[in-house]
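J.: have a look; sequence and predicted model below, questions after that.
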Amino acid sequence: MALSLPQDFAALMEEQYGEGVASQLCHALLHTDPEVSVRLNPHKHPLPPSAEERIGLCEASLRIDAVPWCHGAYYLSERPPFTMDPLFHAGAYYVQEASSMYLTDILSRHLSEDFSTALDLCAAPGGKSTLLAGLLPEGSTLICNEPVPKRAQVLSENIQKWTRMPQGRYPVRCVVTQQMPVDFSRFTDCFDLIVTDVPCSGEGMFRKDEEAVRGWSLEQVKLCSERQRDIVETIWPCLREGALLVYSTCTFNRFEDEDNVRWICEHLGGTLLEERHFLPGRDRGEGFYIAAIRKQSGESDARDELQKSLPAMSTMHVLYDTVQAPACETNTVALTYDEALHYLRGEALHLAAPRGQVTLTYMGLPLGEGKSVGTRINNLYPSSWRIRTTYLSKFSLLPAFSS
């Protein structure tokens, strides 16, 4: 990185963590590369690849290490061309920063056994929502929300790819909405879990994004801290008594992290269960802070109210709902790797298939729809999802986990 870190930031880190840890952190932000990590979809199991498919598809130099706090997640020794992997587009795995996967560890200790409803309030691009969708009990409901329109479209795409199943429906109902936090005020005492990955000053993005460095200031930290409190205060009544709030940021400073969590507990009525900072140079991942807070118990218990209210969500901006999405009940056409890439680029396929709408699959997983006219399949893959690059290197990640 050509930029240097702001002096106020370096001084704040030294005050908060001490000279040794702060120096280690700043050095890592300036002189080391981000980790690359992926998380497998537990509800999608591609067919074992043949020897021919393994050869040339999985880069021989790629090394894999398990992420210790998230089952089915792995560090990769380098960043491969994910765009060229049809299994990536089929939702077989998600490329997610490893530190944020610590949500799995948090929930394993603190999520109640009678869980039924969750809200991911600031969900784009979908890392934590897809994690929750693969983790929550069968039959539960997850609302994945994003207020910003463009980001909400990306969230919807990722949820659709993650939840599209070869047969039947995804075991967790996922609803993608585009609403402001205040729009959920009708759902008082409804959620067993609310995940609030609140907008922050972005310190954890410093080694990925130079604009995050340029835009940082103590004033920005103060503004973010105040906004974060407003968001949590707005959504707090939606959490049922005794349920769980997960508060997270990609920052290191205490004003947006520890101080805000103490404020939530003191002013809103919560109990801090645990918290953790991830620091580059000390931890294998990007900058991240996460805390689990239990809403203090009372007499109110209206968990079934969300289920009753879901039909009324027609008044909200719903982008996608797994219950309303059509199941893959059409004829299927299995594609080779090259055919899958042609399809993902939006091209017609010259293949024989039964006339009518068909589902195109790769290694047993659905990619999307097409319309067969007998000897040609016209492409119905959404234009905004199509591969734009002309890069031609073959790559498929899942064989690495089977070899």
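T.: On my side now, so go ahead.
J.: where in the stretch 151-300 of the chain is pLDDT low?
T.: Residues of the stretch 151-300 of the chain meeting the criterion pLDDT under 70: 298-300.
J.: now with 50?
T.: 299-300 (pLDDT under 50).
J.: go through the host helix or strand of Trp263 and flag the buried ones.
T.: In the assignment (DSSP states H and E), Trp263 maps to helix 258-264. Under the neighbour-count criterion of 16 or more other C-beta atoms under 10 Å, helix 258-264 has Glu258, Asn260, Val261, Trp263, Ile264 buried. All C-beta spots, glycine's among them, are computed from the backbone N, C-alpha and C.
J.: start to end distance for stretch 120-128?
T.: When the termini of stretch 120-128 are compared using C-alpha to C-alpha, to the nearest Å, they are 8 Å apart.
J.: and the residue nearest the centre of the chain, its phi and psi?
T.: Nearest to the mean C-alpha position of the chain, counting by C-alpha atoms, centre = their mean, stands Gly127 at 0.9 Å. Torsion angles at Gly127 (phi, psi; degrees, to the nearest 10) stand at phi -60, psi -50.
J.: can you pull the contacts of it?
T.: By C-beta atoms under 8 Å, 6 or more residues apart in numbering, the contact list for Gly127 reads Tyr94, Gln96, Glu97, Ser100.
J.: which helix in this protein has the most residues?
T.: helix 218-235 (DSSP state H).
J.: which other helices and strands does it contact?
T.: Secondary-structure packing of helix 218-235 (3 or more C-beta pairs under 8 Å, 6 or more residues apart in numbering; DSSP states H and E): strand 191-197, strand 239-249, helix 258-264.
J.: as CSV, the ones you listed with distance to His317 would be great.
T.: Putting these into CSV (distance: least, C-beta to C-beta, whole Å) gives the following:
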stretch, distance to His317
strand 191-197, 19
strand 239-249, 22
helix 258-264, 28
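J.: ok, which of the ones you listed comes nearest Ala348?
T.: strand 191-197 (40.2 Å; C-beta to C-beta).
J.: hmm, who's touching the closest one?
T.: Residues outside strand 191-197 that contact it (C-beta under 8 Å, 6+ apart): 100, 103, 107, 111-112, 114-123, 128, 132, 231-232, 235, 238-240, 243-249, 303, 306.
J.: please indicate which of those are buried?
T.: Buried members of these, counted by 16+ other C-beta under 10 Å: 100, 103, 107, 111, 115-123, 128, 132, 231-232, 235, 238-240, 243-249, 303, 306.
J.: show me what counts as buried in stretch 9-25.
T.: Neighbour-count burial for stretch 9-25 [16+ other C-beta under 10 Å]: Phe9, Ala10, Leu12, Met13, Glu14, Gln16, Tyr17, Val21, Ala22, Gln24, Leu25.
J.: I'd say Leu397 and Thr83 touch.
T.: No: assessed by C-beta atoms under 8 Å, Leu397 is found out of contact with Thr83, at 11.7 Å.
J.: give me the more crowded residue out of the two.
T.: Leu397 (23 against 15; other C-beta atoms under 10 Å).
J.: if we can go back for a sec, reformat the buried residues of helix 258-264 as JSON lines; add distance to Gly374.
T.: Formatted as JSON lines, those follow (distance: C-beta to C-beta, whole Å):
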{"residue": "Glu258", "distance to Gly374": "65"}
{"residue": "Asn260", "distance to Gly374": "61"}
{"residue": "Val261", "distance to Gly374": "62"}
{"residue": "Trp263", "distance to Gly374": "65"}
{"residue": "Ile264", "distance to Gly374": "62"}
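J.: nearest to Cys190 among the residues you listed?
T.: Closest to Cys190 out of the buried residues of helix 258-264 is Ile264 (18.8 Å), distances taken as C-beta to C-beta.
J.: among the contacts of Gly127, who's most crowded?
T.: Tyr94 (25 neighbours).
J.: check which helix or strand that one maps to.
T.: strand 93-95.
J.: then Pro137?
T.: Pro137 belongs to no helix or strand, assigned by DSSP H and E.
J.: how many neighbouring residues does it have?
T.: 12.
J.: out of the buried residues of helix 258-264, flag the one nearest to Val323.
T.: The closest of the buried residues of helix 258-264, once distances to Val323 are taken by C-beta to C-beta, is Ile264, at 32.8 Å.
J.: check the gap between the closest one and Val198 for me.
T.: In this view, Ile264 and Val198 are 11 Å apart by C-beta to C-beta, to the nearest Å.
J.: any shared contact partners between those two?
T.: Val232, Tyr247.
J.: quick one: pLDDT of Cys58?
T.: pLDDT recorded at Cys58 is 56.
J.: heads up, I number from 21, so please use that
T.: Yes, from this point I'll number from 21; that puts the last item at Cys78.
J.: what about the helices in the stretch 271-420 of the chain?
T.: 278-284, 324-329, 357-364 (DSSP state H, counting those that start in this stretch).
J.: just send these back as a markdown table, with distance to Pro54 too.
T.: Shown next, in a markdown table, are these (distance: least, C-beta to C-beta, whole Å):
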| stretch | distance to Pro54 |
| --- | --- |
| helix 278-284 | 24 |
| helix 324-329 | 37 |
| helix 357-364 | 26 |
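J.: now for those helices, which one comes closest to Gln187?
T.: Shortest distance between Gln187 and those, using C-beta to C-beta, is found for helix 357-364: 19.4 Å.
J.: buried ones in the closest one?
T.: For helix 357-364, by 16+ other C-beta under 10 Å, it's Tyr357, Glu359, Ala360, Leu361, His362, Tyr363, Leu364.
J.: that helix - contacts with which helices or strands?
T.: helix 106-109, strand 376-382, strand 385-392.
J.: tilt between it and strand 376-382?
T.: Taking axes from the mean of the first three to the mean of the last three C-alpha atoms, to 10 degrees, one finds helix 357-364 and strand 376-382 inclined to each other by 130 degrees.
J.: hmm, who's touching helix 357-364?
T.: Contacts of helix 357-364 with the rest of the structure, by C-beta under 8 Å, 6+ apart, involve 73, 77, 104, 106, 109, 355, 369, 371, 380, 382, 387-388, 390, 399, 401, 405-407, 414, 416.
J.: run a quick neighbour tally on Gly307.
T.: 26.
J.: ok, now how distant is it from Gln36?
T.: 13 Å.
J.: between these two, what contacts are shared?
T.: With C-beta under 8 Å, 6+ apart as the test, Gly307 and Gln36 both reach Phe272.
J.: cool, thanks, signing off.
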